[in-house]
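[1] the following comprises the amino acid sequence and a computationally predicted model.
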Amino acid sequence: MKNIAILASGEGTNAERLIRYFEEKEEINVSVVIASRATAGVVKRAGRLHVPCRVVTSAGFASGEALLVLREYRADFVVLAGFLLRIPDDILHAYPQRIVNIHPSLLPKFGGKGMYGIHVHEAVLDAGEKESGITIQYINERYDEGDYIFQAKCPVLPDDTPETLAERVHQLEYQYYPEVIESLVR
C-alpha cells in the first residue's frame, strides 16, 4: 500500500476528487490532508470523507512540523491541490521526484509567484490566448519550474470570463489529475 499526503490551502475540490478516486483503489491510500489554514474549506471536506486532516501554518512548514506530519502518516508521495505555500527544502529533499503539483495553465506561460487561481485565468484572457489548460509537474525550489509530467488543453472562447474559463480548466483537473497521480505512484 502506498500512502499519499494531499496539501491544500483552499476549498479543496481537487483534494476531494482525489480522495474519492483513491477510495476505490486497493494499492493507494490518501493517508492525510495537510491544510495551511484552519479556515480552509478542505478541512471540512477531509472530515466529511473521514481522512485525517492536520493544519500546519507557514511557520509550521518553516519549522519542520510538516515533514514530521508526513512521516507520522507514512506518506510515500505528496500531492499539492491548490496549495499556496512554498514547499521548504527539508520536504523537497525527503521526497525527490515524489511531490506533484497541478497548475491551471499551460506552463511555462502564466506561472510563477502570485499566479494561482483566478489570477491565472485573468492573465490568460488579458493576453488574448486561444487555448489554456493544465500542467501537472514535479516541483522544485522555484515556483512552477519543475519538470512537466502532463499537459492537457482546452479552448479559450471569445465570450469567456475568468470564471467560465476556470470551470473548463477545473474539468481537466478533475479528469486527469487522479489518473496521472495513480500512474506515478504505481
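    Yes, it's here. Computed from a predicted structure; not experimentally measured.
[2] how about A38: what's its closest non-neighbour residue?
    Among residues not flanking A38 along the chain, V55 sits closest, at 4.8 Å (C-beta to C-beta, 6 or more residues apart in numbering). Quick note: C-beta positions are derived from backbone N, CA and C, even for glycine.
[3] report the beta-bridge partners for the one you found.
    Following DSSP bridges, V55 is listed with bridge partners A35.
[4] hang on, isn't it packed against V33?
    No - V55 is beyond contact range of V33, at 9.6 Å (criterion: C-beta atoms under 8 Å).
[5] so between the two, which is more surrounded?
    A side-by-side neighbour count of V55 and V33, using other C-beta atoms under 10 Å, places V33 first with 30 against 16.
[6] what strand or helix carries that one?
    Assigning secondary structure by DSSP states H and E places V33 in strand 28-35.
[7] wait, what's in contact with Q137?
    V100, N101, I102, H103, L107, D144, G146, D147, Y148, I149 (C-beta atoms under 8 Å, 6 or more residues apart in numbering).
[8] how about it: what's its closest non-neighbour residue?
    Closest to Q137 by C-beta to C-beta, 6+ apart is G146, at 4.5 Å.
[9] give me the number of residues near the one you found?
    21.
[10] Y73 now?
    Neighbours of Y73 using other C-beta under 10 Å come to 18.
[11] so it makes contact with I6?
    No - in this structure Y73 lies outside contact range of I6 using C-beta under 8 Å: 10.6 Å.
[12] between these two, which contacts overlap?
    V32.
[13] so how far is P158 from R142?
    Distance from R142 to P158, counting by C-beta to C-beta, to the nearest Å: 34 Å.
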